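Engineer: Here is my input; please provide its structure:
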Amino acid sequence: MASKDVELGRATAEVAEQVVRELTAADRALQSVGLGEVPDYAINGGLLVSAVPQNVLNMAEVRQRVTLAALWRLWARSKNVAAMHPSMASELATYQLGTLPGQLFRNLAQRPPNLMVVFAEPETIALDTGGTGRLLAILFCGRTEPEKLLCLTSDPRMEEVAVTVVSEPQADDGTPLPPPPGGSAPVLEFCHLSIPVGADSKFTVEDLALRLARKRGREEPTDAQRGMVERALQVAVYLCSSKADITAPPTLRGKSANSGKQRRWNKPDSFLRLGWRLGPRLKAARVRVQEARQSAARSTDGTGAAGGWRQYPHQRAGHMKTVWVGPGRSLADSRLIEPYWVSQDLVDANGEAPEGIIRPVR
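Structural biologist: Numbering: from 1, shown residues only. So this is what the prediction gives:
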């Protein structure tokens, strides 16, 4: 029987393949109508759109495909994938974000360029277009100003981080929506937003959600837009931390590495694990404290704790904190402040706290 890590690795590969198929399909669609020569990193198109018969692809479809094809061509230069551990994904979803400095996101240059963060066990989120879907991946690229051209996240000309949230729309029964008639439109949903990285830029989740809403012709963001922006920023801030739990998977040796026994796919050039050490540890600590709370409740007289009022052990929310480091404290970094515990001496019968729950991220 395959281990949990192996199962998660396979699931990640399947999700990554699903996203890549959609991006390459957009590129092929452009090739089929003679737009294969549109500049690789152009976003929003517009150069040769008038030459395409509207009964083949309308203006909106061409622009959408130019954007997806540009993302594909740029990502395919290095094919970097980071697999988000499900436990880490769940933890990050609870982390609070305050006001963020744009400069922080230049730290993406310290990661492999244009990472595609893939969720092995996609969560269900509200979609910008209505309904719900499975969050499959978040793709990070750079973007230059004022040309609005895509670039690598390691490019010093980057003025914004271009973020694409990739979701799979669901029907009411939770199954994936079928492809549209003719199969010309994308099956997945792509939500594009941008993060400013200027030295003077400061913003909140609400600020970026408002920008996204106005691109859609709305005066106020919807809850779905807020949720999508917050999820993207939670992942981005963690990626930008110098203390983030990012590791390469171990190299398989021996019989288990026999290529004839493994599922083949277009493996990315750089495959990383995101939160595979920290995520399970935080989940285990959460389970321990929940069990301790139930035990403490049974052993008290109903006043909170024996011998006087005490709060039951509980976890206070984790959050992201921006810190300034380097010469003159001029460089932005982020720290993940792990959830901490109240009345931790009540965690078990021996008065011991769960192992490792207050250690800093390494």
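Engineer: in the chain, which strand has the most residues?
Structural biologist: The single longest strand within the chain, with elements called by DSSP state E, is strand 132-143.
Engineer: hey, where'd the strands end up in the stretch 151-300 of the chain?
Structural biologist: Taking DSSP state E, counting those that start in this stretch, the strands of the stretch 151-300 of the chain run over residues 160-169, 189-196, 202-203, 246-247, 270-274.
Engineer: Figure out which of those strands is closest to residue 287.
Structural biologist: Shortest distance between residue 287 and the strands of the stretch 151-300 of the chain, using CB to CB, is found for strand 270-274: 21.4 Å. From N, CA and C alone the C-beta is placed, and that goes for glycine too.
Engineer: pLDDT below threshold where in the stretch 201-350 of the chain?
Structural biologist: Scanning the stretch 201-350 of the chain for pLDDT under 70 picks out 250-269, 289-290, 292-320, 329-330, 336-350.
Engineer: quick one on the thing from earlier: pick the most buried one from the strands of the stretch 151-300 of the chain.
Structural biologist: Per-stretch averages of neighbours, counted by mean count of other CB atoms under 10 Å, single out strand 160-169 among the strands of the stretch 151-300 of the chain, with a mean of 23.
Engineer: Give me the angle between it and strand 132-143.
Structural biologist: Using axes from the mean of the first three to the mean of the last three CA atoms, to 10 degrees, the direction of strand 160-169 lies 160 degrees away from that of strand 132-143.
Engineer: how about the CA coordinates for strand 160-169, as PDB?
Structural biologist: Presented in PDB, the C-alpha positions along strand 160-169 are these (Å, rounded to 0.1, in the frame of the first residue of the first chain):
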ATOM      1  CA  GLU A 160       3.500  43.800 -10.000                       C
ATOM      2  CA  VAL A 161       3.000  40.100  -9.100                       C
ATOM      3  CA  ALA A 162       0.400  38.700 -11.500                       C
ATOM      4  CA  VAL A 163      -1.600  36.100  -9.600                       C
ATOM      5  CA  THR A 164      -3.900  33.600 -11.300                       C
ATOM      6  CA  VAL A 165      -6.200  31.600  -9.100                       C
ATOM      7  CA  VAL A 166      -7.300  28.400 -10.900                       C
ATOM      8  CA  SER A 167     -10.500  26.700  -9.900                       C
ATOM      9  CA  GLU A 168     -12.700  23.800 -11.200                       C
ATOM     10  CA  PRO A 169     -16.400  24.900 -11.200                       C
END
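Engineer: Could you tell me the angle between it and strand 189-196?
Structural biologist: Angle of strand 160-169 versus strand 189-196, following the same axes, to 10 degrees, is 160 degrees.
Engineer: Could you list every helix and strand that strand 160-169 packs against?
Structural biologist: Strand 160-169 sits against helix 4-32, strand 132-143, strand 189-196, helix 223-239, with contacts defined as 3 or more CB pairs under 8 Å, 6 or more residues apart in numbering; DSSP states H and E.
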